[in-house]
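Enquirer: Sequence and predicted structure are below.
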Amino acid sequence: MPVHLDHTVIPAHDKAASAEFLARILGLQVGTDPFGYFSPLELGNNVIIEFADAEDFYWHHYAFLVSEEEFDAAFARITGAGLDYHAGPLGGKGEIYFHSGGRGVYFDDPNGHHMEIVTVPSSKIGPDTRIRTGPFGPARGN
């Protein structure tokens, strides 16, 4: 059997508020934890993200693979909420990035974790892949 990620835990100052924030951006529903330890979100590939209350932690980075339509909807929710967004280390504030015919954008959650939505898997980025940054727009070729 190949190895698959089953779940991961994200530290948060307020687990419920953090789960609600990400659920709202990604168009998901917050689940319930029968033991009350976590505020879980189940992704489409059966991976569960579990938010847990914590006081002292360093930021984490999470990237979510979405369809073009899901990207457009999530990006509308990001801008509609007035959140800052950027093209990561490759571009500036108010930009997204383009590569391999897809798009990506970074935004921070209320805990300072760096969230990212992408429409092309990171495994498609090769040594000859050209990555461009710019304003929001439809996917283009590399």
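Expert: Nice, I can see it.
Enquirer: Isn't His61 up against Ser122?
Expert: No. At 11.5 Å, His61 and Ser122 do not qualify as touching, with contact defined as C-beta atoms under 8 Å. All C-beta atoms are positioned from the backbone trio N, CA, C, and that covers glycine.
Enquirer: Do you have the helices of the protein handy? List them.
Expert: With DSSP state H, the ranges of helices along the chain come out as 15-26, 68-80.
Enquirer: Report the helix or strand with the lowest average pLDDT across this structure.
Expert: Ranked by mean pLDDT, DSSP states H and E, the weakest helix or strand in the chain is strand 132-134, scoring a mean of 69.
Enquirer: Point out the most buried one among the helices of the chain.
Expert: Among the helices of the chain, helix 15-26 has the highest mean neighbour count (mean count of other C-beta atoms under 10 Å), at a mean of 19.
Enquirer: just checking, what packs against that one?
Expert: Where contact means 3 or more C-beta pairs under 8 Å, 6 or more residues apart in numbering; DSSP states H and E, helix 15-26 is packed against strand 7-12, strand 39-42, strand 48-53, helix 68-80, strand 114-118.
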